[in-house]
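*Asks:* let me see the structure of the following:
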Amino acid sequence: MTSTPSSRTALVTSKSLSCAWPTPSNGSTHATRVYGSARCSKMTRAVRSLASSCSASTCDTDARGAAAAAAAPTTFVHHLRIGVVCASNQNRSMAAHKRLLDEGYTNVYSYGTGKHCRLPGPSIDRPNVYGFGTPYADIHADLSSKDAALYARIGLLDMTARNASVKRAPERFQDEHAQQFDIVICYEPRVFDAVVEDLSSRPSRTYRSVHVIGLPVKDNRKEAERGADDTVALLARIGNAPDEDWENDMERALADMRRQLFGHKQILYSVHFY
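*Replies:* Predicted coordinates:
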């Protein structure tokens, strides 16, 4: 699928560099900023226009936990409509989904962006592949019947059991047209690209803004839990802004998060309109 970029010029945060985009036929608009080392390349990946020049060191696990704990008091951000997205809606997005529910967030939804849900199999060239919409309980039962010892050892049975406790089945972001989100958080660059491409292809009707953020998280169980901590910490920082001004404070929140938690890792950011 070919994306239709915005008619607005991409905005960047440090050095003066922009990518002028042609006017789309569907009238959609968005603005983008990037925090971290990046490049301005093809139109569909222009969201990675520039590097932020600030530098910082990564924090340890205790500091991450302390930052996440700051989200405990309920604020307006707990009631925003939030989407969390990874490739298969199995690991990273589901870890964040459960953690946000546990933290008192009331409007959380999770998705994948791939064509299928892929889970590790007995070898690297033999993954377990399921369609979106396959209940987590059915995936758990299928893995148990294939090799319960193997999938218990590598954590898939625990993961799918956790997922089943959160919602019925994995969902695909590109198939979601009922919800209009305030914030969508993506856990790898290609997922961020897929979400941006999908939103860019939709005609703008209500002009309600959606803030798309890319947080880098490796696809394993340990890093998924750390990514969930980072998600809670980021939303807590957004929640520090006045209720009526949180959107205008978004760039400062992202810059603060990069300094405090991410060191040299890239944070992607794009604004779109429904």
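
*Asks:* what are the boundaries of the helices in this protein?
*Replies:* For the chain, the helices defined by DSSP state H cover 61-69, 92-102, 136-153, 156-166, 189-201, 221-238, 250-257.

*Asks:* other SSEs contacting the third one?
*Replies:* Using 3 or more C-beta pairs under 8 Å, 6 or more residues apart in numbering; DSSP states H and E as the contact definition, the elements that helix 136-153 packs against are strand 117-119, strand 128-130, helix 156-166. Quick note: C-beta positions are derived from backbone N, CA and C, even for glycine.

*Asks:* between the helices of the chain, which gets nearest to His272?
*Replies:* helix 189-201 (4.3 Å; C-beta to C-beta).

*Asks:* quick one: mean pLDDT for the closest one?
*Replies:* On average, the pLDDT along helix 189-201 is 97.

*Asks:* any chance of the helices and strands packed on helix 136-153 in a markdown table, plus mean neighbour count?
*Replies:* Shown next, in a markdown table, are the helices and strands packed on helix 136-153 (neighbours: other C-beta atoms under 10 Å):
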| stretch | mean neighbour count |
| --- | --- |
| strand 117-119 | 19 |
| strand 128-130 | 17 |
| helix 156-166 | 18 |
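
*Asks:* I'd like to know which of these is closest to Ile82.
*Replies:* Of the helices and strands packed on helix 136-153, the one closest to Ile82 (C-beta to C-beta) turns out to be helix 156-166, at 14.0 Å.

*Asks:* list the contacts of the closest one.
*Replies:* With contact meaning C-beta atoms under 8 Å, 6 or more residues apart in numbering, helix 156-166 is reached by 90-91, 94, 97-98, 101, 110, 119-120, 135-137, 139-140, 143-144, 148, 151-152, 170, 221.

*Asks:* most packed of the helices of the chain?
*Replies:* helix 92-102 (a mean of 24; mean count of other C-beta atoms under 10 Å).

*Asks:* if we can go back for a sec, how about the helices of the chain in JSON lines, adding distance to Asn128?
*Replies:* Listed next are the helices of the chain as JSON lines, based on distance: least, C-beta to C-beta, whole Å:
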{"stretch": "helix 61-69", "distance to Asn128": "30"}
{"stretch": "helix 92-102", "distance to Asn128": "16"}
{"stretch": "helix 136-153", "distance to Asn128": "7"}
{"stretch": "helix 156-166", "distance to Asn128": "8"}
{"stretch": "helix 189-201", "distance to Asn128": "20"}
{"stretch": "helix 221-238", "distance to Asn128": "16"}
{"stretch": "helix 250-257", "distance to Asn128": "34"}
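
*Asks:* what's the closest of these to His177?
*Replies:* Across these, His177 has its closest neighbour in helix 189-201 (10.1 Å, C-beta to C-beta).

*Asks:* now that closest one - C-alpha only, CSV.
*Replies:* What follows is helix 189-201, C-alpha atoms only, in CSV (Å, rounded to 0.1, in the frame of the first residue of the first chain):
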residue,chain,number,x,y,z
PRO,A,189,10.0,2.2,13.8
ARG,A,190,8.3,0.0,11.2
VAL,A,191,5.2,-0.1,13.4
PHE,A,192,5.3,3.6,13.7
ASP,A,193,5.6,3.9,9.9
ALA,A,194,2.6,1.6,9.4
VAL,A,195,0.4,3.6,11.8
VAL,A,196,1.5,6.9,10.2
GLU,A,197,0.9,5.5,6.7
ASP,A,198,-2.6,4.3,7.7
LEU,A,199,-3.6,7.5,9.3
SER,A,200,-2.2,9.5,6.4
SER,A,201,-4.4,7.5,4.0
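
*Asks:* for it, packing partners?
*Replies:* strand 30-35, strand 82-86, strand 183-186, strand 209-214, strand 267-273.

*Asks:* export the ones you listed to TSV and append columns for mean neighbour count.
*Replies:* As requested, these are exported to TSV (neighbours: other C-beta under 10 Å):
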stretch	mean neighbour count
strand 30-35	23
strand 82-86	26
strand 183-186	27
strand 209-214	22
strand 267-273	23
